[in-house]
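>>> no sequence on this one, just coordinates:
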């Protein structure tokens, strides 16, 4: 029996979308960003879909590993932009984020860490002319999706998590387009 079929389906749609976009990018930290986020979404979909029928411990271990992958995707986002200073700080933050994911397994904690990475990446993009409009639009869409999730803003009976997943596809697509068009040259 599937526990949350709509959330599972949108997680899987997000995952497949990210794999397709990531595959179309050259091997790089950009590709890692998309593939790590895809892995996290796939595991998230499995957790939402089968949490009552799969053994609790393996499911929880997979969830925490997925949150660690989510942390790696944020790290890849920042480091693909080759920050001029503070790279060691981002490496240290990654270690802390992975440890937090493995110890506590909190999606909200993972989302907060990712939001920080998106903020740093956006600051880097804003500091380097010419501006990447696609990246900035993707960031606004990503922030909108996270806000919908955090504040539990939904559409009728449609699950908030599913709405979050669908909005995130649009945000990632804008980032993909920016990367694919070469707008984000470090």
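Arrived safely, thanks for sending. What you see is a predicted model; the values in this text were computed from it and never measured.
>>> From the contact counts, what lies against the helix or strand harbouring residue 167?
Using DSSP states H and E, residue 167 falls within helix 160-180. The contact analysis (3 or more CB pairs under 8 Å, 6 or more residues apart in numbering; DSSP states H and E) places helix 160-180 against helix 5-23, helix 29-50, helix 133-150. Every C-beta, even on glycine, is put in place using the N, C-alpha and C of the backbone.
>>> so how many other residues sit close to the closest residue in space to residue 63 that isn't next to it in sequence?
Using CB to CB, 6 or more residues apart in numbering and skipping the chain neighbours, the partner closest in space to residue 63 is residue 47 (5.2 Å). Residues near residue 47, counting by other CB atoms under 10 Å, number 21.
>>> looking at it, residue 47 is touching residue 64, isn't it?
No: using CB atoms under 8 Å, residue 47 is not in contact with residue 64, being 10.5 Å away.
>>> In contact with residue 165: list those residues for me.
Residue 165 makes contacts with 7, 10, 11, 13, 14, 41, as judged by CB atoms under 8 Å, 6 or more residues apart in numbering.
>>> picking up where we left off before, for residue 166, find the nearest of the helices and strands packed on helix 160-180.
helix 5-23 (5.9 Å; CB to CB).
>>> can you give me the offset of that closest one from its chain's centre?
Helix 5-23 sits 11 Å away from the centroid of its parent chain (CA atoms, centre = their mean, to the nearest Å).
>>> Kindly report the same for stretch 3-16.
Taking mean C-alpha positions (CA atoms, centre = their mean), stretch 3-16 and its chain are 15 Å apart.
>>> Sketch out the low-pLDDT regions of the protein for me.
Scanning the chain for pLDDT under 70 picks out 185-186.
>>> before we move on, the earlier item: list the buried ones in the helix holding residue 167?
For helix 160-180, the neighbour count (16 or more other CB atoms under 10 Å) marks 160-165, 167-169, 171-179 as buried.
>>> and the next element down the chain from the longest helix along the chain?
Across the chain, the longest stretch assigned as helix under DSSP state H is helix 56-80. Downstream of helix 56-80, the next assigned helix or strand under DSSP H and E is helix 87-104.
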